[in-house]
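>>> coordinates only, no sequence provided:
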């Protein structure tokens with residue numbers, strides 16, 4: 001059996017972050033290894049835990065998703081970043097990809113698709 005994809009969640013909305021942690025916890029394909037409520041906390045979290053994938057919100061206090069992505073990849077270069085956001089402009093999507101994110105999905109995606117995106121990102 002394939003080991004689960006190790007995921008860290010960076011999301012400032014506590015309820016949404018905790019819901020993702022709960023839902024991912026019910027899936028054998030993924031394991032939530034940590035979470036942070038700000039982009040500022042993401043680099044240290046990833047340096048310490050070395051997750052396979054980070055689900056990164058775009059709009060957060062402090063570092064936005066693009067800046068936090070750059071900092072995460074500097075701290076944990078093998079980690080893949082998936083931007084997860086309610087809404088972003090095309091300029092923000094471009095910025096997050098230029099920062100090193102491998103995918104960008106919206107928060108209203110079906111959860112099964114989100115699991116597939118995380119697993120695919122881990123293989124990228």
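Thanks, I have the structure now. Since the model is a prediction, treat every value here as computed from it, not as a measurement.
>>> only C-alpha atoms from now on, for both contacts and neighbour counts.
OK.
>>> for the chain, what helix or strand is lowest in average pLDDT?
The helix or strand with the lowest mean pLDDT-type score in the chain, counting by mean pLDDT, DSSP states H and E, is helix 90-99 (a mean of 88).
>>> in that helix, what counts as buried?
Applying a neighbour-count criterion of 16 or more other C-alpha atoms under 10 Å, the buried positions in helix 90-99 are 92, 93, 96, 97, 99.
>>> let me know the average pLDDT across stretch 63-76.
Mean per-residue pLDDT for stretch 63-76: 95.
>>> sorry, wrong one. I was asking about stretch 114-124.
Per-residue pLDDT values across stretch 114-124 average out to 94.
>>> distance check, the most centrally placed residue in the chain against residue 26.
Among the residues of the chain, residue 55 comes closest to the average C-alpha position under C-alpha atoms, centre = their mean, at 1.1 Å. For residue 55, the distance to residue 26 under the criterion C-alpha to C-alpha, to the nearest Å works out to 17 Å.
>>> please apply the same query to residue 54.
As for residue 54, its distance to residue 26 is 18 Å (criterion: C-alpha to C-alpha).
>>> got it, and residue 20?
Taking C-alpha to C-alpha as the criterion, residue 20 is separated from residue 26 by 10 Å.
>>> the more surrounded of the two?
For residue 20 and residue 26, the more surrounded residue by other C-alpha atoms under 10 Å is residue 20, and the numbers stand at 16 against 10.
>>> buried ones in the helix or strand containing that one?
Residue 20 belongs to helix 14-25 when assigned by DSSP states H and E. Buried residues in helix 14-25, counting neighbours by 16+ other C-alpha under 10 Å, are found at 17, 20, 21, 24.
>>> distance from the chain centre to it, please.
12 Å (C-alpha atoms, centre = their mean, to the nearest Å).
>>> mind listing the strands the following helix or strand past that helix pairs with, and their directions?
Sequence order places strand 30-36 as the next helix or strand after helix 14-25, per DSSP H and E. With DSSP bridges as the criterion, the sheet partners recorded for strand 30-36 are strand 5-10 (parallel).
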